[in-house]
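**Q** sequence isn't available, so here's the structure alone:
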């Protein structure tokens, strides 16, 4: 497993932007696909975005496509989530996750998770 530490998040008004970072350690970062998921109160954890080990391809949920951007810097062992045009329905705890090699949009296929970062969007 890999240790993941998220930072960023917070409170923003609707239409605003926030950025999340996730720093990884304990495993060769460039061998891992990375994903972002979120969980709102009373709801199941849902896929947001994922990126291949080399950053060559990225995948998004329809709900965030065109507004969120996932990226990674393998030299810094960090994955990012830039969130623009935020909506109140984006309010949730956001988690980064890692899995070896193949990218996935399925939460239970990831073997390592961060502690979560709260994102709150006010209307």
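**A** Here it is on my side, so go on. None of these values were measured; they are calculated from a predicted model. Residues are numbered from 1 along each chain as shown.

**Q** does the spatially most central residue of the chain sit in a helix or strand, and which one?
**A** The centroid of the chain falls nearest to residue 36 when counting by Cα atoms, centre = their mean (2.4 Å). Under the criterion of DSSP states H and E, residue 36 resides in strand 32-39.

**Q** run through who's touching that strand.
**A** 2, 20, 22, 24, 45-53, 70, 72, 79, 81, 90, 92-105, 107, 110, 116, 119 (Cβ atoms under 8 Å, 6 or more residues apart in numbering). For every residue, glycine as well, the C-beta is placed using N, CA and C.

**Q** list the buried ones in it?
**A** Buried residues in strand 32-39, counted by 16 or more other Cβ atoms under 10 Å: 32, 33, 34, 35, 36, 37, 38.

**Q** okay, now the sheet partners of it, with direction.
**A** Counting by DSSP bridges, the strands paired with strand 32-39 are strand 46-51 (antiparallel), strand 92-100 (antiparallel).
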